[in-house]
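[1] quick one, what's the 3D model for this:
(2 chains)
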Amino acid sequence: MSEVAIRVENLGKKYEIGLSKAGDLRSAFGNFISKLNPLSNKQLVQSPNQPLKEFWALKDINFEIKKGEAVGIIGRNGAGKSTLLKLLSRITKPTTGYFTVDGRVSSLLEVGTGFHMELTGRENIYLNGTILGMKRREIKEKFDEIVTFSGVKQFIDTPVKHYSSGMKVRLAFSVAAHLEPEILLIDEVLAVGDAEFQKKCLGKMEDITGQGRTVLFVSHNMGAVKKLCNNGILLDSGKIVIIDNVVKVISNYLNVIDRYQTNKQILFQNEEICLNSIYLKDKKGNLRKEFNSLEDIYIAQEIILKNDVPNFKIGLEVVTSFGIKVFSSFHNDRDDHYNSNTLPAGKHVVTTIIPGKYFNQGEFHVNVLFGIHMVRWIYEIPHVARFHINFSIENPYFSANKRDSILAPMLEWSFK
Amino acid sequence: MAEVHYDSRKKGVGLYIKELFEYGDLFLILAYRDLRVRYAQTFLGLFWAFLQPAATLLIFILIFNKAVKVDTGDVPYPLFALTGMSAWAYFSFVLSQSGQSIIGAQEMVKKIYFPRLVIPLSKAVVAFVDFMIAIIFVVILMLIYQYPITLKLIWFPVFFFINIFAALSIGIWLSALTIRYRDFIHVIPFLVQFGLYATPVGYPASLIPEKFQFIYHLNPMSGVVEGFRYSILGIGEISAFSYVSFLIIGIFFVSGMIYFKKVEKVMADIV
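    Below is the predicted model of the structure:
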């Protein structure tokens, strides 16, 4: 038995933008239909005579992972993290290069793959477990354990469609958590369930990595990556930036986030929208990344819309460095009733103010959300900015350290 | 635990078939899921599986027996038609189910690896339940008409086996084609409807003029249906033309596997 669990050499994956997803017959027909319908968004169906654009989701990837290593893969959206996992789990084929894997692989790119709403919890455990690569006998052995972990024992013979979404997720994760492969590939599945269940999941994940399994873990949750992994790989634009000790790799990644503020680098772009920049400022307009807890934080985003977007909606999410969501806020939250305003094409600067006297001390990350109200999300762009709160002591008796909480708001109190 | 070594450069038919067997549990549970879901929350449940062939049989009796007055020799017409229908019903069910199966499972295909062939193959098991019901129907009719069984019945498993291959060969082709070209979703109902009349289900193949027999037997199901009647009812014979049908099945099956394998590489990217 060799010491290397995964060896990747020269791996690359090319996608062709402009090539309609499902064959030429269809795109030809789709174009015909969209010509007939003046309301349709012509950008959605690419014309087949437009030149194909090549796009390397991953290029020249080389690395080796030793048996028993837990490696975190980090990077911003579109860096190629998920593509890498898809290749290693054999869902898609590489365009260049090759890889070898030594050991039984399970991949977890989503929890609850193949769940069927009409089937009971019991049946879904068997279905989902088998899809994830477990043998029937294995599931039978672990069945009680899975049910106990999920906490849905009472409803195990009820069709899953009657479950709450939280119960579904818990059941799905419990199945996944009981996989026992030699090599485990995980993509951001810890971001499920309530805080308590997340804690439980993280604990289970620590057990798994502690048992000497080889784990590849893709996540935006730096806290979890730091906790679970010893080494890290930072990807950017399909290439490896650094492979090193996880602490070094994370600090490298955080530096990349900070550089967004100073460099004129486009953060995100697709055929609908472009996020040019995001700035964190104080009241006076100075660029900052450390704030005093009393100060207001101004978050300014410069976006460019390629088309007029009706019912456009923009939101912010603030998460802790452990990935716990603190809040999300949307630009139309304060509207009494929903007005269907169209945001015209062109450049917009959107500013959000987070009031002072609100956060406890700590590190926070900002995610940006774009969507069309009540229709769909265009995109979620995680970790576009981060800031640090230093607790300032105005009242010497108000000690942040004694409060074990994310927020430390100073509220108004009164007595009658 | 057995040592598993995977190298993305390696290819091979043997490896692929071995892997298919490793995913045997998945194959069975997917079939189980389909069966459970199919009649979930329907009032009549399994009775629907009886009702459908019964209704088709009634229509056939009206058209071919009463209106056209097809000659089926010593065999009572309902028994004659039902024997053909049992083969055809299995074929058409597997074909239409497996044809759309990969698209139906696209969420799974995009998120997890397994040999994709498991999906269309599992439909062959699902249809087996309907087939059993149709066969029970045939047995009941044989008892009612007191129709004698012949020694030719030992050939029945062979023809049923060919029937499975016929259904899967077209099903595998369609499942791969619908991923590339969604147009084929609309071709499936045509094939099923058209095929019913282009196959000797409601009438004997001998009705077709001699010079068209060859073309007629390019339909893979022509030979299978005749084989069913030969083995169950002991009528007719396995003509040289039937072998044309069987050959076509073989060609479709092998080419279907090759095409499927080719599309499988890009399935998750284009589905």
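
[2] average pLDDT across the host helix or strand of A:G129?
    Here A:G129 sits within helix A:121-131, counting by DSSP states H and E. Mean pLDDT, computed over helix A:121-131, is 93.

[3] for whichever helix or strand comes after it, packing partners?
    Sequence-wise, the next helix or strand downstream of helix A:121-131 (DSSP H and E) is helix A:136-150. Contacts defined by 3 or more CB pairs under 8 Å, 6 or more residues apart in numbering or on different chains; DSSP states H and E place helix A:136-150 against helix A:121-131, helix A:165-177. To be clear about C-beta, it is placed using only N, CA and C from the backbone, and glycine gets the same treatment.

[4] reformat the ones you listed as JSON lines; add mean neighbour count and distance to chain B.
    Below are the helices and strands packed on helix A:136-150 laid out as JSON lines (neighbours: other CB atoms under 10 Å in any protein chain shown; distance: least, CB to the nearest CB, whole Å):
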{"stretch": "helix A:121-131", "mean neighbour count": "23", "distance to chain B": "5"}
{"stretch": "helix A:165-177", "mean neighbour count": "22", "distance to chain B": "11"}
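
[5] dump these into CSV; add distance to B:I170 as well.
    Shown next, in CSV, are the helices and strands packed on helix A:136-150 (distance: least, CB to CB, whole Å):
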stretch, distance to B:I170
helix A:121-131, 26
helix A:165-177, 35
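
[6] who's in contact with the nearest residue to B:F93 once chain neighbours are set aside?
    Nearest non-adjacent residue to B:F93, counting by CB to CB, 6 or more residues apart in numbering or on different chains: B:A127, 4.2 Å away. Shown in contact with B:A127 (CB atoms under 8 Å, 6 or more residues apart in numbering or on different chains): B:90, B:93-94, B:97, B:167.

[7] can I assume B:A127 sits in a helix?
    Yes - counting by DSSP: H, G, I helix; E, B strand; the rest coil, B:A127 falls inside a helix.

[8] pLDDT at it, what is it?
    pLDDT recorded at B:A127 is 90.

[9] please report the distance of it from B:P76.
    Remark: distance between B:A127 and B:P76 (CB to CB, to the nearest Å) = 26 Å.

[10] what's the weakest-modelled helix or strand in chain A?
    Here the helix or strand of chain A ranked lowest by mean pLDDT, DSSP states H and E is helix A:24-36, holding a mean of 55.

[11] give me the next element, helix or strand, following that helix.
    strand A:53-66.

[12] tell me how far the helix or strand that that following strand is followed by is from the chain's mean position?
    Counting by DSSP H and E, the next helix or strand C-terminal to strand A:53-66 is strand A:70-74. Distance of strand A:70-74 from its chain centroid, counting by CA atoms, centre = their mean, to the nearest Å, is 14 Å.

[13] cool, stretch A:300-319 as well?
    How far stretch A:300-319 lies from its chain's middle: 18 Å, per CA atoms, centre = their mean.

[14] and for stretch A:292-312?
    20 Å.

[15] buried sites along that stretch?
    A:293-295, A:297-301, A:303, A:305, A:309, A:311-312 (16 or more other CB atoms under 10 Å in any protein chain shown).
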